[in-house]
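In: return a 3D structure for these sequence lines:
(4 chains)
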Number of protein chains: 2
Amino acid sequence: MHAVAARAGVSKSSVSRVINGEPTVAPAIREIVMAAVAELGYVPNGAARNLVTQRTNTIAIIVSDPPAGLVSDDPMFAMVVRAASRELERAGKQVSLVLAGSDESRLRVEQYLAAGHVDGAILVSMDGADPLPAVLSRTGLPIVSHGRLATPGLMPWVDNDNHAGATQAVQHLLDQGRRRIATISGPLDMTAAQERLAAYRDTLKDTGRRSIIALGDFTRISGADAMRQLLEDDPEVDAVFAANDLMAIGALRTLREAGRRVPDDVAVIGFDDIEAALYTAPALTTIRSPMTDQAVHTVQLLLTLLTTGTATPVTLPTELIIRESA
Amino acid sequence: MHAVAARAGVSKSSVSRVINGEPTVAPAIREIVMAAVAELGYVPNGAARNLVTQRTNTIAIIVSDPPAGLVSDDPMFAMVVRAASRELERAGKQVSLVLAGSDESRLRVEQYLAAGHVDGAILVSMDGADPLPAVLSRTGLPIVSHGRLATPGLMPWVDNDNHAGATQAVQHLLDQGRRRIATISGPLDMTAAQERLAAYRDTLKDTGRRSIIALGDFTRISGADAMRQLLEDDPEVDAVFAANDLMAIGALRTLREAGRRVPDDVAVIGFDDIEAALYTAPALTTIRSPMTDQAVHTVQLLLTLLTTGTATPVTLPTELIIRESA
DNA sequence: CTGAAAGCGCTTACAG
DNA sequence: CTGAAAGCGCTTACAG
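Out: Numbers count the residues shown, from 1 in each chain, chains lettered A, B, ... in the order given. Presented below is the predicted three-dimensional model:
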């Protein structure tokens, strides 16, 4: 910067003003400074800027993923990170990706935010037992959650309407005349899994049917295992609502191995509408949750929070996608 | 920091020394400073540190993804980002995720690196036409590529042995006595696609068979389309080597729709061994590329480059995984 | 082993 | 509209 100022024959103040596009600078000076910047290939030092402005133009995307890597194996993870990155980029923000699974990494994340490395943060897929949201909300930084948190009031969030979506799914199975409708639930410390399971129960209860529940953890393998157990518990089961597509894919494999035809013997419906749902055999009927929209809304919620200091939760609608499996 | 020094009754120099764990500090002073830090909940400001040390402890993961999002829809993307993040975290580095697709974003990335925001960078899935590697290597920062670059000599890289892997795949089809072996290639501006195609050609040539090639872009849908074209071009085709699993999954769908049995009528083999390969019907025979290992090696290559100033390319072996489809 | 001082590279009132 | 000066919050020779 010193070199640029010398080259242009002006003060560093003027160089700074030109670079930051301040209107109060004479066109002649602007020209000569721009020329010097171009010639010298000058790029302002980020750390110095951050220090003096007390802002970093960086947003953290914090993914709470256990060591086993449950979350980040999910295509939802990639979609959310990608969509959020895009949207943040459009807003001129840099993205700092932070994986937080273990206890040490939680402390590390806390320190990272406290050190002022970012202007705000987006929390992705926190389970209800995770202490991170509470800890981070105490930093006073603007933070929003992608997905509703178990503890209310900590921060604004964006989520899809899990209850409505799951209701659509189960209702579709009922409409088909299915008699014994089971569900494969997600991990119950996650609000999405809780809400989808509650909707399943509520919808069945109205028809006098009993609930048939197996527990999964949102992975393919857990869906396959849960389906095996379901078949054992009730060989007459003729429909399954899996709380996400990955588990539905696992369930399809088990049904194939067990010689059950889908949808003839057993109807299967998932949740999320990931791309893979189009490529199963038979193609998966599912509930579309607007993931990309959700990520976009999450970013916008954060930007609102950053500028206005307040923001209210957002719930997005779901849609039933009928394919071959139910 | 000022407050901590005052509280502890020592100079800021001593506070700094304690925080940075320098050995040359009296135990008594260390104690009292630690206490003050704890009481005040002090966390050093990152920007100030970065400014004075000229280091950021941050590594950029730069993903070159066209606006359509080809790369980031691939489960490989998530695996690489996750494995690299983990490894970087273990080394005490922060991760800055940068998506670079368009021309403007390329400029933005260049400026970002030039501004000194990161100590080094990892480039992921660059296609051969991408000018980014050349541009970035001119910054003089330590940069490594995950995947061999089309332009040699720009920077060290880590890749799996694409030629050997593809040879294994085609050889397996030959061993089965397949007569008309086609391939679905990836986009030819990517070195991985080039190498896999070259191996396919080389291996077939030795047996006097002719090549039957359709072009895809590493997505499921392109695999489905390519398979359709292959069937049209040569209805007698009895085996297909898809250059990645996603395209193989697409091909399976087309074959099912066309009423061809796999592997009876047509054998299908993929490349990558993503988790989804275990859940196709029939389960996908494929070549395992050690993705996680590769990411780990990429990070270690960068760390080597950072500390020693030099590093040499790494090639990792592949493995044939036989399942049901071939 | 400790402290006073300089300085990292910017931005921003302030005076002109 | 422009420049000199102060200051952002740290680290690091340097002297003691």
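
In: contacts, neighbours, all on C-alpha from now
Out: Noted.

In: hmm, who's touching stretch A:176-191?
Out: A:126-129, A:147-150, A:170, A:173, A:192-194, A:196-197, A:200, A:209, A:211-218, A:223, A:226-227, A:230, A:236-244, A:247 (C-alpha atoms under 8 Å, 6 or more residues apart in numbering or on different chains).

In: how about it, which residues are buried there?
Out: Neighbour counts over stretch A:176-191 (16 or more other C-alpha atoms under 10 Å in any protein chain shown) mark A:178, A:180, A:181, A:182, A:183, A:184, A:185, A:186, A:187, A:188, A:190, A:191 as buried.

In: select from those residues every entry located in helices.
Out: residue A:191 (DSSP state H).

In: that older thread, ok, of the contacts of stretch A:176-191, which come out buried?
Out: Buried among the contacts of stretch A:176-191 (16+ other C-alpha under 10 Å): A:126-128, A:147-150, A:170, A:173, A:192-194, A:196-197, A:200, A:211-218, A:223, A:226-227, A:230, A:237-244, A:247.

In: which of the contacts of stretch A:176-191 fall in helices?
Out: Those of those lying in helices (DSSP H): A:170, A:173, A:192-194, A:196-197, A:200, A:223, A:226-227, A:230, A:247.

In: what about DNA strand D: which of the residues you listed touch it?
Out: Among these, no residue sits close to DNA strand D (C-alpha under 7 Å from any atom of the strand).

In: list just the nearest of those to DNA strand D.
Out: Comparing those against DNA strand D with C-alpha to the nearest atom of the strand places residue A:192 closest, at 39.2 Å.

In: residues touching the nearest residue to the closest one once chain neighbours are set aside, list them.
Out: The shortest distance from residue A:192 to any non-neighbouring residue, by C-alpha to C-alpha, 6 or more residues apart in numbering or on different chains, is to residue A:162 (6.3 Å). Residue A:162 makes contacts with A:192, A:195, A:196, A:318, as judged by C-alpha under 8 Å, 6+ apart.

In: again, 7 Å this time
Out: A:192, A:195, A:196 (C-alpha atoms under 7 Å, 6 or more residues apart in numbering or on different chains).

In: of all the buried residues of stretch A:176-191, which two lie farthest apart?
Out: Spanning the widest gap among the buried residues of stretch A:176-191 are A:178 and A:190, at 28.1 Å by C-alpha to C-alpha.

In: can you pull out the helices in chain A?
Out: A:2-8, A:12-19, A:27-40, A:46-53, A:75-90, A:103-114, A:132-137, A:162-175, A:191-205, A:220-233, A:245-257, A:291-308.

In: residues from the stretch 101-250 of chain A in reach of chain B?
Out: A:111, A:114, A:115, A:116, A:117, A:250 (C-alpha under 7 Å from any C-alpha of the partner chain).

In: tell me the pLDDT of the fourth one.
Out: The per-residue pLDDT reported for residue A:116 equals 95.

In: what is the burial count for it?
Out: Counted with other C-alpha atoms under 10 Å in any protein chain shown, the neighbours of residue A:116 add up to 22.

In: report the contact partners of it.
Out: Contacts of residue A:116 by C-alpha under 7 Å, 6+ apart are B:45, B:46.

In: swap in 8 Å and give it another go.
Out: A:54, A:55, A:56, B:45, B:46, B:47.

In: my read: the last one touches residue A:48, true?
Out: Yes - with contacts counted by C-alpha atoms under 8 Å, residue B:47 reaches residue A:48, the gap being 7.0 Å.

In: now the buried residues of stretch A:176-191 in JSON lines, with distance to DNA strand C and pLDDT?
Out: Formatted as JSON lines, the buried residues of stretch A:176-191 follow (distance: C-alpha to the nearest atom of the strand, whole Å; pLDDT from 0 to 100):
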{"residue": "A:178", "distance to DNA strand C": "65", "pLDDT": "97"}
{"residue": "A:180", "distance to DNA strand C": "65", "pLDDT": "97"}
{"residue": "A:181", "distance to DNA strand C": "61", "pLDDT": "98"}
{"residue": "A:182", "distance to DNA strand C": "59", "pLDDT": "98"}
{"residue": "A:183", "distance to DNA strand C": "56", "pLDDT": "98"}
{"residue": "A:184", "distance to DNA strand C": "54", "pLDDT": "98"}
{"residue": "A:185", "distance to DNA strand C": "51", "pLDDT": "98"}
{"residue": "A:186", "distance to DNA strand C": "48", "pLDDT": "95"}
{"residue": "A:187", "distance to DNA strand C": "47", "pLDDT": "93"}
{"residue": "A:188", "distance to DNA strand C": "47", "pLDDT": "93"}
{"residue": "A:190", "distance to DNA strand C": "42", "pLDDT": "92"}
{"residue": "A:191", "distance to DNA strand C": "41", "pLDDT": "94"}
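
In: distance to residue B:139 added to the buried residues of stretch A:176-191, as JSON lines?
Out: Listed next are the buried residues of stretch A:176-191 as JSON lines, based on distance: C-alpha to C-alpha, whole Å:
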{"residue": "A:178", "distance to residue B:139": "64"}
{"residue": "A:180", "distance to residue B:139": "64"}
{"residue": "A:181", "distance to residue B:139": "61"}
{"residue": "A:182", "distance to residue B:139": "58"}
{"residue": "A:183", "distance to residue B:139": "55"}
{"residue": "A:184", "distance to residue B:139": "52"}
{"residue": "A:185", "distance to residue B:139": "50"}
{"residue": "A:186", "distance to residue B:139": "47"}
{"residue": "A:187", "distance to residue B:139": "47"}
{"residue": "A:188", "distance to residue B:139": "49"}
{"residue": "A:190", "distance to residue B:139": "44"}
{"residue": "A:191", "distance to residue B:139": "46"}
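
In: same list, the buried residues of stretch A:176-191, but only the ones touching DNA strand D.
Out: Answer for the buried residues of stretch A:176-191 near DNA strand D: none qualify (C-alpha under 7 Å from any atom of the strand).

In: looking at the buried residues of stretch A:176-191, which are in strands?
Out: A:181, A:182, A:183, A:184, A:185 (DSSP state E).

In: mind listing the residues bridging to the fourth one?
Out: When bridges are called by DSSP bridges, residue A:184 pairs up with residue A:214, residue A:242.

In: which parts of the stretch 1-150 of chain A sit against DNA strand D?
Out: Residues of the stretch 1-150 of chain A lying near DNA strand D (C-alpha under 7 Å from any atom of the strand): A:9-14, A:23-26, A:28-29, A:48, A:51-52.

In: in ChimeraX, how would I select just the buried ones from the contacts of residue A:116?
Out: Of the contacts of residue A:116, the buried ones go into a single ChimeraX selection, burial set by 16+ other C-alpha under 10 Å:
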select /A:55,56 /B:45,46,47
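
In: between the contacts of residue A:116, which sits nearest DNA strand D?
Out: residue B:45 (4.0 Å).

In: mind checking how far the closest residue in space to that closest one that isn't next to it in sequence is from residue B:274?
Out: In space, and not counting its chain neighbours, residue B:45 is closest to residue A:115: 4.7 Å by C-alpha to C-alpha, 6+ apart. Distance of residue A:115 to residue B:274, computed by C-alpha to C-alpha, to the nearest Å: 38 Å.
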